[in-house]
Every structure is written in structure tokens, then in C-alpha cells.
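Enquirer: quick one, structure for this:
(4 chains)
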Number of protein chains: 2
Amino acid sequence: MGPSMVNRGCIIRLSRYRNALIRLKALNFVKVFSENLADAARVTAVQVRKDFSLFGISGNRRGGYLIDELIKQISAILGKDKVQKFIIVGIGNIGRALLNYPGFRKSEIEIVAGFDSNPAKFDRGALVPILPVEEMGAFVSANGITFGIISVPDTAAQEVLERMLEAGIKGVLNFAPICLKEPKDCVVRNLNLETELENIIYFTNFAEQAERE
Amino acid sequence: MGPSMVNRGCIIRLSRYRNALIRLKALNFVKVFSENLADAARVTAVQVRKDFSLFGISGNRRGGYLIDELIKQISAILGKDKVQKFIIVGIGNIGRALLNYPGFRKSEIEIVAGFDSNPAKFDRGALVPILPVEEMGAFVSANGITFGIISVPDTAAQEVLERMLEAGIKGVLNFAPICLKEPKDCVVRNLNLETELENIIYFTNFAEQAERE
DNA sequence: TAGATTGTTAATCGATTAACAATC
DNA sequence: TAGATTGTTAATCGATTAACAATC
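Expert: Next up is the predicted model:
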């Protein structure tokens, strides 16, 4: 039997631990204590050890964890042991930014193609080609793509998701400002930038108000 | 006494309810049941009513909620009753995409200036000017800015946050791939795009594996 | 050995859900 | 009135934290 389901927060923390570990390694550190990783990820040391224990990652009592080992193990969990290919549908502001985001290249995430409905955006010759959205299904099959990003306007998002499902995409990050339903055999995460800002606004106002009282 | 603290999830849901309500209003709907909003936000009807009750929002037993009233009340909570001004520090891929993001304009969120350390990016004459980061403090004071977005490389993020704090910024959305500590009197939310994709990758792989077993 | 750290089990806390009371 | 829906209180569930056992 595989490992049991862990929650979203846990996976986000693993990603943060990994980022911190890579920085520590760059500083020539070899070992790390749970306390250090906790500081880096803004959590408690117990949380770090608990997260690790869920994945059977163990260190040395008294000696902490070996950074190289940790990176290797967390990387395997997060799927960083091979290149993960994504396509993007919707080459507007956000779509284009992600297409060119340099942070992905050095981290086993590869955006392999963009798709749009506007012919003015097509660019078959580019390093990352931009193609008509009608070609998405064939491209996904031909290249064995598993993951997609949606960055179209809200009115087009549901249709794009359905096209992706037909094409065989199994995991989607949706930036369109509409909450897409998670289909039976595909993971969908809705990330709304306006909502993120509203969150900041609310909690900032709340804190200010609490202060005044 | 003000309302007690609610959790992040609740505010995200309010934002989703609001988006759904605006779409319903555009379709000339006047009333809505908790069941409908639940569908739109991918939660349960009880969750909707519970969220509303936390903010003293009430409807009509048997008659549901008036859409106009709901939008007004949720908008007030999310700070959409006035324009909220943001600055962005770091005009790279993500920074520039946010600067030009059309979704913000129509929703009381205004990006009023960008800042960068690279003179090649300065553009004082633009509709949204791009200025040297040294000028940020003065700009924030002069224009009464409360909110900031960080989209610089990880190595610069902490320093930018400190500059923002000095300038009097009270709420920050951080896109730099490093987890910034929340200071005493400022709200900070860390949003890492690579982490979001890693999340999709993990849960997709997990689901595929579970299926095979 | 003594001390420091990991790793696990049990307790706590907070959020969601269920049950049901209120009422239009 | 009967039926449908809201709104609230209590129960459940899941995640985090505390306590402590294990051990290098």
C-alpha cells in the first residue's frame, strides 16, 4: 500500500523545506536540525519532524539531518526527480509571464507550449511555441503531457478545462477568476490573484482595527 | 468590539461567493439560495450560511438572499467599497504581468507604481510609472499607500520587505521564492508559483498511484 | 554517562459538518 | 398549515501541538 493522503499544507511545507535546504547547501552546510528548517519555513520544529515522519524520512538522533539526503528524499516526493512538462492555455499577461518565468527552468518544471485562440499570438517557431488552442489535444497526446495551466478569461475557463480533460491532462492550475469544479480523475487547484489581494486587504484592515480598539 | 478573527479559508470563500454573485447579477438574477452559492464556490450550503453568520449577514428564511444586498455586504468586508492602492517592487515577468493585469482595474484594486533597481526598466512617464526602488519610501508616504507586492529574486526579497516596512506598508503579497517572516505590524502572505505547481504534481501523482492499487 | 535531538503517541485546538430549531 | 430554507448549537473530524520516550 502507498502512503496515506497528506494535506495540502504539508506538501507546501515540504516545498519550503526544500528551498531552504538548497540555500543551506549553497552555503556549504552539510547537516541541519529540525529547528533550522522550522525557522526557514516559519513553522515549529515539531511540525518539521512530524511532516518528515509521515513520509518515513528520518535523521540521526542527536545529529540532525544530512542536507543532501533530505533534498534527495523531498525531491522524489515532489516529483523533482524528472522534468515535469506543462502546457499553458491563454497567453495573456499571466500566461506569458509564466511561459517565460526563469524560476521554473532550474527546477525540473518545463513549460513546453502555449495555446491561444487569437491568431495574432501564434508563434510556431519560438523556443516555446504558441499554437492554436484547437491543436492542444493532438499536442498533449503526441508529447505525453500530464499538466496544464489555465490563464484565460473566466468565461472560457470551463471549456478549456473540458478540452484538457479530453486530451488526458491529469493536473491543472487555474488562474481564471472562476472556481472550477474538480473532475473525477483530474486534480484542479484554483488560484485567483484578485482573491489573494483581497485576503491581504482584509487581514491588514482587521489588524489595524484590532489595534485601534 | 470588532468581529473576532476568521480564518483565511473563510475570506477566500467570501471572495468566491462575491465573484459568483456578480455573475448571477449579470444574468439578471435577484435572489439566490445558499445552495446555489455553495455550488459556485465548491463548498456546502451549510458552509455558506456559517460563513455569513460569522459576519452577521442574514437572508430570508424560505426566500434566500438578495443578490444586491449580499454583494454590498461582502464587498464592504473585502474592502471593495474603496479603491485599494498597491505598489509592486520587482518588474520582471511576474511583476510586469501584475502591473498590466486587466482583472484588477475593474475591481477596486489599483497598481499605482512599479519599482525596480535596474535603470533600463525605469519609465516615469508611463500610466503606471516604473521608478527606482530608492524612491519607494517617499512615494509611499506621499501617496498614502498601504499595500505592496514583492516580485524580486529570492536574494533581494528580505531587504525589499524591510524597505516596505520602513515606508509604512501594512500588507504584502510576496511572490519571491523564499518564505518571509511576518513582522509585528504587517500582514505578509507568501505565494510561491513553483510550490503551487509542485502541489499539483504531487497530488496528481498520488491520485494516479492510488488508482493503480 | 549526560545532554541534545529525533520520533511517536496522546491531547488540544480549530474548522467543518450534522442535527435541528426557527420562521417565512 | 405544510414545506422549504435559514441560522445556530452540538458533534465530528482533522491538523497541530504538547508531552515524553528513544537513542546517538
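Enquirer: can you find the helix or strand in chain A with the smallest mean pLDDT?
Expert: For chain A, using mean pLDDT, DSSP states H and E, the weakest element among its helices and strands is helix A:102-105, scoring a mean of 89.
Enquirer: that one vs chain B: in contact?
Expert: Yes - interface with chain B: helix A:102-105 contributes A:102-104 (CB under 8 Å from any CB of the partner chain). Quick note: C-beta positions are derived from backbone N, CA and C, even for glycine.
Enquirer: pull the CA atoms of that helix into PDB?
Expert: Output of helix A:102-105 as PDB, limited to C-alpha atoms (Å, rounded to 0.1, in the frame of the first residue of the first chain):
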ATOM      1  CA  PRO A 102      13.000  31.800 -15.300                       C
ATOM      2  CA  GLY A 103      12.400  30.200 -11.900                       C
ATOM      3  CA  PHE A 104      10.900  27.100 -13.500                       C
ATOM      4  CA  ARG A 105      13.700  26.200 -15.800                       C
END
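Enquirer: count the neighbours of the closest residue to A:A97 other than its chain neighbours for me.
Expert: Once flanking residues are discounted, A:A97 sits nearest to B:A97: 3.6 Å by CB to CB, 6 or more residues apart in numbering or on different chains. Residues lying near B:A97 (other CB atoms under 10 Å in any protein chain shown) number 21.
Enquirer: and chain A, which of its residues are near DNA strand D?
Expert: Residues of chain A lying near DNA strand D by CB under 7 Å from any atom of the strand: A:7, A:9-10, A:43-44, A:46-47, A:50, A:60-63.
Enquirer: run the last query once more with 10 Å
Expert: For chain A, the residues in contact with DNA strand D (CB under 10 Å from any atom of the strand) are A:4-10, A:12-13, A:38, A:43-51, A:53-54, A:58-63.
Enquirer: elements contacting the top strand by length along chain A?
Expert: Longest strand in chain A, counting residues (DSSP state E): strand A:109-116. Here strand A:109-116 touches strand A:84-89, helix A:93-100, strand A:130-132, helix A:136-143, going by 3 or more CB pairs under 8 Å, 6 or more residues apart in numbering or on different chains; DSSP states H and E.
Enquirer: nearest to A:G168, of the ones you listed?
Expert: Closest approach to A:G168 among the helices and strands packed on strand A:109-116 is made by helix A:136-143 (6.0 Å; CB to CB).
Enquirer: tell me the mean pLDDT for the very next helix or strand once past that closest one?
Expert: Past helix A:136-143, further along toward the C-terminus, the next helix or strand under DSSP states H and E is strand A:147-150. Taken as a whole, strand A:147-150 has a mean pLDDT of 98.
Enquirer: and if you look at stretch A:169-180?
Expert: 97.
Enquirer: follow-up on the earlier one: show residues contacting the least confident helix or strand of chain A.
Expert: A:98, A:110-111, B:93, B:177, B:193-194, B:197 (CB atoms under 8 Å, 6 or more residues apart in numbering or on different chains).
Enquirer: let's verify whichever residue of chain A sits closest to DNA strand C: helix, strand, or coil?
Expert: Closest residue of chain A to DNA strand C, CB to the nearest atom of the strand: A:S58 (2.8 Å). Under DSSP: H, G, I helix; E, B strand; the rest coil, A:S58 falls in the coil class.
Enquirer: most packed of the helices and strands packed on strand A:109-116?
Expert: Compared across the helices and strands packed on strand A:109-116, strand A:84-89 shows the largest average neighbour count, a mean of 24 (mean count of other CB atoms under 10 Å in any protein chain shown).
Enquirer: now for that strand, which elements pack on it?
Expert: Secondary-structure packing of strand A:84-89 (3+ CB pairs under 8 Å, 6+ apart): helix A:93-100, strand A:109-116, helix A:136-143, strand A:147-150, helix A:154-167, helix B:193-212.
Enquirer: the one residue sitting closest to the centre of chain A: what's it in contact with?
Expert: By CA atoms, centre = their mean, the mean C-alpha position of chain A lies nearest to A:L173, the distance being 7.8 Å. Going by CB under 8 Å, 6+ apart, A:L173 touches A:147-150, A:189, A:191, B:196-197, B:200.
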